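Peer 1: Need coordinates for the following:
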Amino acid sequence: MKLWKRASGVLKDRTSILKASLTPRSTLRNPNLETAVIRATTHDESSVDYRSTQHVFTWVRISDDCLYRVLWVLFRRMKRTHNWAVALKGLMLLHGVFCCKVPGIQEIGELPSDLLLNVREKRIKYGKTSDVNTFIQAYYAFLDQKSSFISLHSQERIKRAVVSSGDETNGEEKQKSMMQDLIWLQKLQGLIDTLLRIRPKSSRTINVLVLEAMDCVMIEIYDIYSRISIGIGTVLMTVYSAGKNEAVIVLPILQKAKVQSEQVSLFFEFCRDIGVGNTSECPKMENIPEEVIQELKDIISGDSEQPRSKNFPEEEVKSVIVVTNHKLNKTHDHNNSNSSLKTVITDEWEVFEEQQKSNPRLASSPPAKNNARPDPLTLPDLISL
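Peer 2: Sure, this is the predicted structure:
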C-alpha cells in the first residue's frame, strides 16, 4: 500500500510538471517558475528538494511580479492538494518566501482562508483527527499571523513617516512612537504564543518533514524572542525618563516576557528530545531580572525615591535585558550535518531593506543553478520595529 501511494505521488508530480512545461509563456505564466514550485512541493514524504526550493527563492528575489507569480502557483497547488506532505512543504516554502527581502512581501497580508481546505476535508471525511494535520493547521495559523503582522507594520511605518513631517512637537511624536512600539512588542509576544503551539502531538507524527518544519519554527522563536528582548531594553531606557502611564503598559510586557522565557526553554528541550537539528547549538535563554520588574512596580506605585535615570544607567539596562541575538545558520554542505552560530549584537530593530528590481527580461529566464540548501529556511529578518 505504501509503495502504491508513493508511486501515485510520483505520477501526480510528473503529470503536474509536464502540464506546467507545456503551458504557453505569458505575462502571467512561466513554465520554469511553475516547475520549480512543483518540484519544491512534491508528494515525497522522506525528503525536501533544496535545489528546487533555492530556485523558487531566486525567482522571488527577481521582482515583485515574480513574487506574485510564485504565490499564485503555490496557493493554487496547496488549495488543490489532499496530501499532507505537499501542504507542509508548501507552508515551509511560504515561510522561506517571507525571508526574501522584497517589497512585495509587505503587501501580502492575510493568507487565503481556504488554503488548506481540502486537507481539512479529508480529515473530516475519515472522521478522525490526524496529528499531522493538527500540526499543519498550527503552522498555517502562525504564517497567517506573521503575514498580517508584516503588512500592518509596514503601514504603520508609512504613517510614522507622514506624522514626522507634520506639525506635532517632538515630545508628542516621541510619546506616540513609544506607545506604538509597546503595541508591536505585545504583537511579537503574540507571535511567540502562536509558534509555541506548533509541535507534533505524538511520536507517530515525527518524520523528516516535521523535523524540518520544527527546525524552522525553533529558529524563528529564538529570533523573535531576541528582538523582543532588545526592544524591551530600548523601551525601558525611555520609561525611566517618562512616567507612570508608560510603566503601567511596560510592566505586563516584562512579566509576559519572563513567562515566555521559561516556555521557550521548555520548547527547545522538547525539540532537542525529538531530534531537531539546531537545538544542540541554541544558547540558553536569559530571563528578565526581578530588579527591573520591581523598579517598574515602584514607579507605578510612586515609591521610587531615586531619580529613575540613576536607578538603572543606560548601559546597565542593556546588559541585563538584551539577549544577544544569535542567528542560527545551517551549514549547506550535504556531507556535513553540523550547524554553526553567528552572533550579531545590535541595539536597533532591523529595517526592511527594499531590493532593487532586476531587469524585467529576467522574469522569463531560468534562475542560476545552485545545489546549496536555501538560506531562507534559516528564517527570518523581516520582523522589526
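
Peer 1: Could you list the low-pLDDT ranges of this protein?
Peer 2: 1, 120-129, 163-174, 239-243, 278-284, 303-385 (pLDDT under 70).

Peer 1: helices or strands up against the helix ranked longest in it?
Peer 2: Among the elements of the chain assigned as helix by DSSP state H, the one spanning the most residues is helix 131-164. Secondary-structure packing of helix 131-164 (3 or more Cβ pairs under 8 Å, 6 or more residues apart in numbering; DSSP states H and E): helix 84-97, helix 117-125, helix 170-196, helix 208-239. Yep, even glycine has a C-beta here, placed from its N, CA and C like the rest.

Peer 1: Buried ones in the third one, by neighbour count?
Peer 2: Buried residues in helix 170-196, counting neighbours by 16 or more other Cβ atoms under 10 Å, are found at 175, 178, 180-182, 184-185, 187-189, 191-192, 194-196.

Peer 1: still on that earlier bit, make a markdown table out of the helices and strands packed on helix 131-164 and add distance to residue 108.
Peer 2: Listed next are the helices and strands packed on helix 131-164 as a markdown table, based on distance: least, Cβ to Cβ, whole Å:
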| stretch | distance to residue 108 |
| --- | --- |
| helix 84-97 | 9 |
| helix 117-125 | 19 |
| helix 170-196 | 16 |
| helix 208-239 | 17 |
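
Peer 1: looking at those, which is closest to residue 45?
Peer 2: Each of the helices and strands packed on helix 131-164 has some distance to residue 45 by Cβ to Cβ; the shortest is helix 84-97, at 4.5 Å.

Peer 1: May I see the buried residues of the host helix or strand of residue 34?
Peer 2: Taking DSSP states H and E as the criterion, residue 34 maps to helix 31-40. The neighbour-count check on helix 31-40 (16+ other Cβ under 10 Å) flags 31, 32, 33, 34, 35, 36, 37, 38, 39, 40 as buried.

Peer 1: on that earlier part again, and the helices and strands packed on helix 131-164: which comes nearest residue 146?
Peer 2: Residue 146 lies closest to helix 170-196 among these, at 6.3 Å (Cβ to Cβ).

Peer 1: Let me know the angle separating that closest one from helix 208-239.
Peer 2: Interaxial angle of helix 170-196 relative to helix 208-239 (axes from the mean of the first three to the mean of the last three Cα atoms, to 10 degrees): 160 degrees.

Peer 1: how much does helix 170-196 deviate in direction from helix 131-164?
Peer 2: Following the same axes, to 10 degrees, one obtains 170 degrees for the angle between helix 170-196 and helix 131-164.

Peer 1: by contact count, what packs against helix 170-196?
Peer 2: helix 131-164, helix 208-239, helix 244-274.

Peer 1: Next up, the contacts around residue 204.
Peer 2: By Cβ atoms under 8 Å, 6 or more residues apart in numbering, residue 204 lies in contact with residue 131.

Peer 1: Look up phi and psi at the closest residue to residue 210 other than its chain neighbours.
Peer 2: Leaving aside its chain neighbours, residue 210 sits nearest to residue 200 (5.5 Å; criterion: Cβ to Cβ, 6 or more residues apart in numbering). Phi and psi for residue 200, reported as degrees, to the nearest 10, are phi -70, psi 140.
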